[in-house]
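J.: 3D, please:
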Amino acid sequence: MQPPFLQKLVDALVDSRVRFVVIGGVALNLQGHARMTEDFDVCYARDRDNVEALARALAPLKPRLRGAPPELPFTFDARTIRSGLNFTLTTDAGAIDLLGEVTGLGGYAEADALADEFELFGHKVLVLNLEGLERTKKAAGRPKDLVDLGSILALRKRRG
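T.: Now for the predicted structure:
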């Protein structure tokens, strides 16, 4: 079961034709591991057209920097995305992490090469496969990532 906020974010990205790969906890869930997650992690393509589509997709959801003071000036637009790389955001729909580059993996091209297609809320989306998830979890090395590595190993064994 996916978190309730997720559908609005997926709908917004897909409807705007944003090229992205689902990574992190949601990808792990889709690959077969039940894991709670409070945000939606995606690796996005950084070309001009996609960055503009990403800005258009999320603008109605009023993205703000997660954890930053509310008075901190922040404008989420294509220029901001091009000037940055990875963004941890809160939106009116829920939390989303936008990654132009993923530790242990690289950018969108590398994520796309290690992605499977899944249906999510009636949309076909790319989801990082177990090999890609294993690489990112090893590279991040946080306690929760080390727990996830055990689950990935179990899923790989189950699949043969």
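J.: give me the number of residues near Phe87?
T.: Per other CB atoms under 10 Å, the neighbour tally for Phe87 reads 20. Quick note: C-beta positions are derived from backbone N, CA and C, even for glycine.
J.: which elements pack onto the helix or strand it falls within?
T.: Element membership of Phe87 [criterion: DSSP states H and E] is strand 86-90. Here strand 86-90 touches strand 64-65, strand 95-99, going by 3 or more CB pairs under 8 Å, 6 or more residues apart in numbering; DSSP states H and E.
J.: which strands border it, and is each parallel or antiparallel?
T.: strand 64-65 (antiparallel), strand 95-99 (antiparallel) (DSSP bridges).
J.: quick one: contacts of the shortest one?
T.: The set of residues external to strand 64-65 that reach it, using CB atoms under 8 Å, 6 or more residues apart in numbering, is Pro70, Leu72, Phe74, Phe76, Phe87, Thr88, Leu89, Thr90, Thr91.
J.: buried ones among the residues you listed?
T.: In the contacts of strand 64-65, burial by neighbour count holds for Phe76, Phe87, Leu89, Thr90, Thr91, counting by 16 or more other CB atoms under 10 Å.
J.: quick check, nearest of those to Asn129?
T.: Proximity of the buried ones among the contacts of strand 64-65 to Asn129 (CB to CB) peaks at Phe87, which lies at 24.1 Å.
J.: can you verify Thr37 is assigned to a helix?
T.: No. Thr37: not assigned to a helix; according to DSSP: H, G, I helix; E, B strand; the rest coil it is coil.
J.: just the angle between the helix or strand harbouring Ala12 and strand 95-99, please?
T.: Ala12 belongs to helix 6-15 when assigned by DSSP H and E. Orientation check (axes from the mean of the first three to the mean of the last three CA atoms, to 10 degrees): helix 6-15 against strand 95-99 gives 40 degrees.
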